[in-house]
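Colleague: Sequence first, predicted coordinates after that:
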Amino acid sequence: MGYIKEKFKVKADDLNVEVKDLVKNHGSKKIEDVTVAQVYQGMRGITGLVTETSLLDANEGIRFRGYSIPELRDHLPKAPGGAEPLPEGLFYLMLIGELPTEADVQYLSSMWGRRSHVPNHVFDAIEALPITTHPMTMFTVGIMALQTESSFAHAYAEGINKKDYWSYTYEDTMNLIARLPRIAAYIYRRKYKGGQHIQPNGMLDWAGNFAHMLGYSDEGFRELMRLYMVIHADHEGGNVSAHTTHLVGSALSDAYLSFAAGMNGLAGPLHGLANQEVIKWILSMREELGGGTPTKEQIEAYVRKTLSEGKVVPGYGHAVLRKTDPRFTAQMEFAKKHLPDDELVKIVWTVYETVPPILQDLGKVKNPWPNVDAHSGALLVHYGMVEYEFYTVLFGVSRALGVLASLCWDRALGLSLERPKSVTTEWMKQFVEGKVEAVTE
């Protein structure tokens, strides 16, 4: 079975007992009330999901199994000679709930390497798309084409005990995570590098090999990919990509179908696509201001102009966070160490000094601070990845770690089909007038 899979089974059995006890003894206890505004405004802040892998605090930021990003950078195993945490270690932590050893991480790297073969028909499906197709569309098509390999789908069709659903989902998770870097790199090389593909290097770790297949041999870029894959991996369960993966998975769709659905959500401008919008905005600003490094005063004027036109400053604000995103801070620390004199990075830092006070003065923004997208593009451009449309694919490869670990837990805990109640606006008008009662079932 493999010792990580066995360990997951033990953890899942123990938590199943705890969950059943909670539901049996406290199932009728109310968590919170729901307002009319929350129903209309994206269910914002409604506690309605359980995600074991991470928890987002509005003031403290993301914690993975209780560990902050700075703590992960300190405690997770690193590549030989490297300083950034290996994504394999974060996946182990999210799946098992314990910090991994060096041996655990090496085991995962080796296992994902062995499982990384991608069938030719997946590449054929990608090749069938026009070269002008957005990389995220190619990515979801590739994932869907890979669904033919689903262990869960094959086993379910033959008939399996629901107690074994988790086992086949685990196998799908490991296979899919192993193959995603190959698919993503293939898309990058096909669209931007004339179809000159690079074969995997089995001696490298998961993120290091991804960087290699993309065509970047700089150790700094490999380190960036390790950090990037860690900080983008999860953001609790309510964000669009995580929630969609969970929602589709609740219908017993396999990991491939569920993850592909999540990636279609990630491709939206209000979610993962925002990282390409940030760098486009910065480059447009610099061009409009005459090139070079604009002053703080010039940036302030441009920001006010952007806002006066009814536009947003991309990379600022977050649905939950009420402070500077720790993921932004981690990237800023990386930049200060590896590329402190980069012109584009300096602009990002000046924007960081400029935008929050302006947004605070407006008095309409709950969170004027930068999120993860405000910095990532500048780092990628420094190392030569200027193809902004591809950035969301990088995000997607990383997000697989969290949402698929969560899907394993969904199956192990036997979580139910997600089916919230909806009402009409006519019903809502009658409710606020006291003519009908709230639906409790």
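Modeller: Happy to help now that I have it. Numbering: from 1, shown residues only.
Colleague: what are the ranges of the strands in the chain?
Modeller: Applying DSSP state E to the chain gives strands spanning 54-57, 61-64.
Colleague: Buried residues in the first one, which are they?
Modeller: Okay, so that is strand 54-57. By neighbour count on 16 or more other Cβ atoms under 10 Å, the buried set for strand 54-57 is 54-56. Yep, even glycine has a C-beta here, placed from its N, CA and C like the rest.
Colleague: What sits closest to residue 129 if chain neighbours are left out?
Modeller: With sequence-adjacent residues excluded and distances taken as Cβ to Cβ, 6 or more residues apart in numbering, residue 129 is closest to residue 138, at 5.8 Å.
Colleague: meant to ask about residue 334, not that
Modeller: Residue 334 sits nearest to residue 227 (Cβ to Cβ, 6+ apart), 5.8 Å away.
Colleague: and that neighbour, what does it touch?
Modeller: 73, 84-85, 330-331, 334 (Cβ atoms under 8 Å, 6 or more residues apart in numbering).
Colleague: Specify which member of those is nearest to residue 3.
Modeller: Closest to residue 3 out of these is residue 85 (21.4 Å), distances taken as Cβ to Cβ.
Colleague: So residue 201 versus residue 407, what's the distance?
Modeller: 29 Å (Cβ to Cβ, to the nearest Å).
Colleague: Mind checking which of these two has more residues around it?
Modeller: residue 407 (31 against 13; other Cβ atoms under 10 Å).
Colleague: And the more buried one, what's its pLDDT?
Modeller: If you check residue 407, the pLDDT there is 98.
Colleague: Which residue comes closest to it once chain neighbours are left out?
Modeller: residue 249 (5.0 Å).
Colleague: Can you give me the distance of the one you found to residue 278?
Modeller: Taking Cβ to Cβ, one finds residue 249 at 30 Å from residue 278.
Colleague: just residue 158 next, same as before
Modeller: 47 Å.
Colleague: need the contact list for the closest residue to residue 281 other than its chain neighbours.
Modeller: Using Cβ to Cβ, 6+ apart and skipping the chain neighbours, the partner closest in space to residue 281 is residue 314 (5.0 Å). By Cβ under 8 Å, 6+ apart, the contact set of residue 314 is 274, 277-278, 280-281, 373-374.
Colleague: 6 Å instead, please
Modeller: Contact analysis of residue 314 by Cβ atoms under 6 Å, 6 or more residues apart in numbering lists 274, 277-278, 281.
Colleague: before we move on, what about residue 410?
Modeller: residue 249.
Colleague: So which bits of stretch 305-323 are buried?
Modeller: 306-307, 313-321.
Colleague: Could I get the pLDDT score of residue 440?
Modeller: At residue 440, pLDDT is 62.
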